[in-house]
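# here is a sequence together with a model predicted from it:
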Amino acid sequence: MGWRLKANRYTVTGTECKACGGLAMPPRALCECGHDMTPFTFSGRGHIVSYTTIHVAPAGFNAPYNIALVQLEEGPVISGAVVDEHIEVGQAVKAVFRRLHAANEQSVINYGFKFELAD
């Protein structure tokens, strides 16, 4: 149950510099300006900048699926899976908590965030 206490497992959590206001995702300890960073939770909303459709998936994943570069409303660009089948550059998306993968039926299920098209 310890994973429930780790917000970055089920939210889009990065860091913010209190000195210059810079944001980072994934989180980092020091800002480019040299100051300490503090935790920052992003809205999880953004738009697709680029994407690719994976047709031949590695073991444990079902193809086809989409991986996109998403520019968050707050600025950083991150990559993530998009659960919708038909996507286009420029479409609005939001982060949602989903099952990521499991090695087999008896193994631990890994959860995290993916993106889906926003309304």
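Okay, I see it. Numbers count the residues shown, from 1 in each chain.
# how is the protein partitioned into domains?
Domain assignment for the chain by automatic domain parsing gives 1-41, 44-119.
# looking at the protein, which residue lies furthest from center?
Seen from the C-alpha centroid of the chain, the residue lying at the greatest distance (CA atoms, centre = their mean) is Q106, 26.1 Å away.
# select from the domains of the chain the stretch with the lowest mean pLDDT.
Among these, domain 1-41 carries the lowest mean pLDDT, a mean of 84.
# so how far is P58 from the residue nearest the centre of the chain?
With distances taken as CA atoms, centre = their mean, the residue of the chain nearest its centroid is G80 (4.9 Å). Distance from G80 to P58, counting by CB to CB, to the nearest Å: 16 Å. Just so you know, the C-beta spots here come from the backbone N, C-alpha and C atoms, and that holds for glycine as well.
# go on, F42?
28 Å.
# which of those two has more residues huddled nearby?
F42 (20 against 8; other CB atoms under 10 Å).
# I'd guessed that one sits against M25; true?
Yes: counting by CB atoms under 8 Å, F42 touches M25, with 6.6 Å between them.
# joint contacts of these two?
V12, G14, L72, P76 (CB atoms under 8 Å, 6 or more residues apart in numbering).
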